[in-house]
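**Q** would you be able to build a 3D model of this:
(one chain, ligands or ions: 2)
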Amino acid sequence: MEKEIIKQLQNKETPLYYYDLPLLRKTLNTAKAEADKYRYKVHYAIKANNNPEILREISKLGFGADCVSGYEIEVAIQNGFNKNEIVFAGVGKTDKEIITALNCEIMTFNVESVQELEVIVQLSEKMKKNAQIALRINPNVDAKTHQYITTGLDENKFGIMTHELDTCLQIVETSRFVQLVGLHFHVGSQITDLNVFKRLCVKVNEWNMWFYERGYDIPVLNLGGGLGINYSEPDKESVVNFAGFFQLFDEFLEARKNQEIHFELGRALVANCGSLISRVLYIKNGLKKNFAILDAGMTELLRPALYQAYHKIEKVEENSENLAPEKYDIVGPICESSDCFGKDVVLQKLKRGDLIAIRSAGAYGEVMSMRYNLRQEFDYFFKE
Ligand SMILES: Cc1ncc(COP(=O)(O)O)c(C=O)c1O
Ligand SMILES: N[C@@H](CCCC[NH3+])C(=O)O
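**A** Ligands and ions are numbered 1, 2, ... in the order given. Purely as a prediction, here's the structure:
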């Protein structure tokens, strides 16, 4: 981090979310250029980070939006995303949210059950509004990621089980307002083994053919998101290998010439541009451990407590004195033992007031923050 920025951070109250906008732009431009090579369309998964500043950067570059609630649809539109480039997923869409989406004339409802499809049919009839839908198929592909962020297995609640697809087609046939325009798949998040996406392609090819053989030439294939990042080395791989990701689909997906290919990326676009900046409040020497107690906790960044997720932890400014490294458990102030950002972390000796950066926190960081223990709102710093 540049000296000038460190100086500015030292004068700010912590905790705060730090966003590197030049890195965000570089990531977005790379993703866009690689996707454009194959005429792929990318919808940004708003759930990863809905900070308006970030949303405006993303919408400006022509990404669509992937939303999971009615309010996300409204926020996406407020921040520059085109209504007709919004896709709407979620296993529990309420009537109110479906009505919002119908009124906004979004691109597609990514339908997750027969029961939801029936409600969309009823509401679209009642409102005399067209509803374009994609069927989210659960392809039973193992994403080889943390069990809490795997979504494409039979035991997961997401998507339509394949034995119900015939029923879906029958329902669509009876509706005057619902049009089937897409097949949607999303098997999980933080996927770093690209073979998972090859296996996904095999399933998508099968289902694409299944529909075609029944007379459905479906115009859109939406492959979801899930591309993972390197949490261990955020500087070495600050921009994800989008080239390799999209090239894989070009190689393994057997789409027909007239079919559009869409993706819904979240983490890969925004994770690396964000860090949670916090101050050391106390160094507490326990019998077995030294604890560095920070002013940020699981309330500001939940991922380590929820998934035992690894985030690289760094001292923002290394002290010029030759201080020996020490081992710390880096913990927050919250009344939970899981409020721990890292165990046995080796850092140059810390003292009260030192600034700490918890890296790769731009995705599923700020958005998953909460008020537990009546925590105060945190601040922001945008590197321009
Ligand atoms: C349906 C859907 N699409 C896209 C995403 C974005 O995923 P990621 O942030 O892993 O790219 C998610 C979250 O996992 C999702 O549930
Ligand atoms: N919240 C998760 C990802 C879930 C993605 C949404 N299906 C994370 O922090 O990694």
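**Q** give me the neighbour count for residue 254.
**A** By other C-beta atoms under 10 Å, the residues close to residue 254 number 12. Glycine gets a C-beta too; all of them are placed from N, C-alpha and C.
**Q** next one: the one 10 residues further on
**A** With neighbours defined by other C-beta under 10 Å, the count for residue 264 comes to 27.
**Q** identify the residues contacting the closest residue to ligand 1 within the stretch 251-384 of the chain.
**A** Proximity of the stretch 251-384 of the chain to ligand 1 (C-beta to the nearest ligand atom) peaks at residue 266, 2.6 Å away. Applying C-beta atoms under 8 Å, 6 or more residues apart in numbering, we find residue 266 in contact with 44-49, 66, 189, 225, 363-364.
**Q** ok now the longest strand anywhere in the chain, how far from the chain's centre?
**A** Counting residues, the longest strand found in the chain (DSSP state E) is strand 274-285. Chain-centre distance of strand 274-285: 26 Å, with C-alpha atoms, centre = their mean, to the nearest Å.
**Q** for it, name the packing helices and strands.
**A** Helices and strands touching strand 274-285, by 3 or more C-beta pairs under 8 Å, 6 or more residues apart in numbering; DSSP states H and E, are strand 16-20, strand 290-294, strand 355-358.
**Q** against which helices or strands is the top helix by length along the chain packed?
**A** Counting residues, the longest helix found in the chain (DSSP state H) is helix 195-213. In terms of contacts (3+ C-beta pairs under 8 Å, 6+ apart), helix 195-213 is packed against strand 178-184, helix 242-252.
**Q** name the residues of it that come out as buried.
**A** Using 16 or more other C-beta atoms under 10 Å as the burial criterion, the residues of helix 195-213 that qualify are 196-197, 199-201, 203-204, 207-208, 211.
**Q** could I have it exported to CSV, CA atoms only?
**A** Presented in CSV, the C-alpha positions along helix 195-213 are these (Å, rounded to 0.1, in the frame of the first residue of the first chain):
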residue,chain,number,x,y,z
ASN,A,195,-12.6,-29.6,-13.9
VAL,A,196,-15.9,-28.9,-12.1
PHE,A,197,-16.9,-26.6,-14.9
LYS,A,198,-15.9,-29.2,-17.5
ARG,A,199,-18.3,-31.6,-15.7
LEU,A,200,-20.9,-28.9,-15.7
CYS,A,201,-20.5,-28.5,-19.5
VAL,A,202,-21.2,-32.2,-20.0
LYS,A,203,-24.4,-31.9,-18.0
VAL,A,204,-25.5,-28.7,-19.8
ASN,A,205,-24.9,-30.4,-23.2
GLU,A,206,-27.1,-33.3,-22.2
TRP,A,207,-29.9,-31.1,-20.9
ASN,A,208,-29.7,-28.7,-23.9
MET,A,209,-30.1,-31.7,-26.2
TRP,A,210,-33.0,-33.1,-24.0
PHE,A,211,-34.9,-29.9,-24.6
TYR,A,212,-34.0,-29.7,-28.3
GLU,A,213,-35.2,-33.2,-28.9
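**Q** quick one: average pLDDT of stretch 17-30?
**A** Averaged across stretch 17-30, the pLDDT comes to 98.
**Q** what separates it from the chain centre, distance-wise?
**A** Distance of stretch 17-30 from the chain centroid (C-alpha atoms, centre = their mean) equals 15 Å.
**Q** would you mind listing where this structure has pLDDT under the threshold?
**A** Applying pLDDT under 70 to the chain flags no residue at all.
**Q** which residues touch residue 214?
**A** Per C-beta under 8 Å, 6+ apart, neighbours of residue 214: residue 169.
**Q** mind redoing it with 10 Å?
**A** 165-166, 169 (C-beta atoms under 10 Å, 6 or more residues apart in numbering).
**Q** contact partners for residue 90?
**A** Counting by C-beta under 10 Å, 6+ apart, residue 90 touches 47, 67-70, 72, 97, 109-112, 116, 136, 158.
**Q** again with residue 15
**A** So, once contact is read as C-beta under 10 Å, 6+ apart, residue 15 ends up touching 276-279, 294-297, 299-301, 332, 356, 358, 369, 375-376, 378-379.
**Q** of these, select the buried ones using a PyMOL command.
**A** Here is the PyMOL command that selects the buried residues among the contacts of residue 15 (16+ other C-beta under 10 Å):
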select buried, resi 276+277+278+279+294+295+296+297+299+300+301+332+356+358+369+375+378
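**Q** now do the end-to-end distance for stretch 158-173.
**A** Using C-alpha to C-alpha, to the nearest Å, one end of stretch 158-173 lies 23 Å from the other.
**Q** excluding chain neighbours, what is closest to whatever residue of the stretch 201-350 of the chain ends up closest to ligand 2?
**A** Nearest residue of the stretch 201-350 of the chain to ligand 2: residue 303, at 4.7 Å (C-beta to the nearest ligand atom). Nearest-residue entry for residue 303: residue 309, 3.9 Å, with adjacent residues in sequence omitted and distances by C-beta to C-beta, 6 or more residues apart in numbering.
**Q** tell me the SS of that neighbour?
**A** coil (DSSP: H, G, I helix; E, B strand; the rest coil).
**Q** the contacts of residue 266 in strands, which ones?
**A** The members of those that map onto strands under DSSP E are 44-45, 66.
**Q** for the residues you listed, which one is nearest ligand 1?
**A** Using C-beta to the nearest ligand atom, these come closest to ligand 1 at residue 45, 3.5 Å.
**Q** distance of the residue lying closest to the closest one once chain neighbours are set aside from residue 84?
**A** Spatial nearest neighbour of residue 45, excluding adjacent residues (C-beta to C-beta, 6+ apart): residue 266 at 3.2 Å. According to C-beta to C-beta, to the nearest Å, residue 266 stands 21 Å off from residue 84.
**Q** now residue 182
**A** Distance, residue 182 to residue 84, by C-beta to C-beta: 13 Å.
**Q** before we move on, back to that, and ligand 1, which of the ones in strands among the contacts of residue 266 reach it?
**A** 45, 66 (C-beta under 6 Å from any ligand atom).
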